[in-house]
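>>> Provided below for reference: sequence and predicted model.
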Amino acid sequence: MFLRRLYQFMIVYGLGLLMLMGIKALFGLSDYVIPGPGEIWQTARQVFGGYVLDVLNTLQVAILGHILSIAMAFAVGIVGRLTSWMGSMIKTAAFNVQAYPIVAVAPIIFILLGDGFSSRLLIAAMICYFPLLLSILGILSEPVDDIEHFFKMTGRITWRLEVKIRAFQNLHKLTTVIVGSATLAVVGTIVAEFIAASAGIGVSIRRALYQSDLSKILTALFLIGICSSLYLACLEWAGRRLIRRWQAPGP
């Protein structure tokens, strides 16, 4: 699984790099606009160590932001599944918050929390929690009539049991959307770093952009892709193990 994710990314990255070189050759662009393979390799060797540390810093924030977004989505989803006034209000508030673009909200977050860890964490969680929320709301709002009817008739149904039943019956959907939203967590962290943070690979990309150094940007994108692929592979592995464990027949 891990190797498959890595070589798939390498193929995509390699094709993108070949396309970039093709554009360079087709239009006769100078090395200042699009650097050649030799210059990209030389730059990558120079910045590799520092960029690895930056990517790991970003990935740390992204993972924590992803976990926070999962907790937020489940909390809102559990309350929002209700057909009551409270459930409707929770869903409306969650949707309205997401309607504001993060580039408009981010400056407020940086003003209130500064340009450190907490700002990046909050922005990462905000960006990736909405697709989680939509899926979790849909899953937890849909009754599993055959099973829930039995517990209702016996008087044993509780909101906790109801949530467990609906989550268990849709475990494949939940694991899929959690894995999919992990990419958004990484994107959210990099966006936060690019806007106004003081650490992480987004800061390095911003500096490389100001320097018009495409070689550094390509190196950063390569390392981001490697780390993201490994994180997604870990989530897929954990999801499969969880499904096998929950769905295994009892003794």
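Yep, that arrived.

>>> low-confidence ranges in the stretch 1-150 of the chain?
Within the stretch 1-150 of the chain, the ranges that satisfy pLDDT under 70 run 1-2, 81-88, 90-91, 93-103, 149-150.

>>> tell me which stretches of it form helices.
For the stretch 1-150 of the chain, the helices defined by DSSP state H, counting those that start in this stretch occupy 2-27, 37-80, 85-99, 102-113, 117-141, 145-153.

>>> and R206, how far from L68?
According to CB to CB, to the nearest Å, R206 and L68 sit 24 Å apart. Backbone N, C-alpha and C define where each C-beta goes, glycine included.

>>> any buried residues in the helix or strand encompassing A220, and which?
For A220, the host element (DSSP states H and E) is helix 214-247. The neighbour-count check on helix 214-247 (16 or more other CB atoms under 10 Å) flags 214-220, 222-229, 231-236, 239 as buried.

>>> with stretch 155-165 instead?
I157, E162, V163, I165.

>>> among those residues, which are located in strands?
Counting by DSSP state E, the buried residues of stretch 155-165 place none of their members in strands.

>>> of these, closest to V12?
Set against V12, the nearest of these by CB to CB is V163 (37.8 Å).

>>> does the closest one touch I78 like I think?
Yes - when contacts are counted by CB atoms under 8 Å, V163 is listed as touching I78 (5.9 Å).

>>> what do these two both touch?
Residues touching both V163 and I78 (CB atoms under 8 Å, 6 or more residues apart in numbering) are L140.

>>> quick one: G202 from L174, how far?
Distance, G202 to L174, using CB to CB: 29 Å.

>>> please identify which of the two sits among more neighbours.
Neighbours per residue (other CB atoms under 10 Å) separate G202 from L174, with G202 holding more: 25 against 22.
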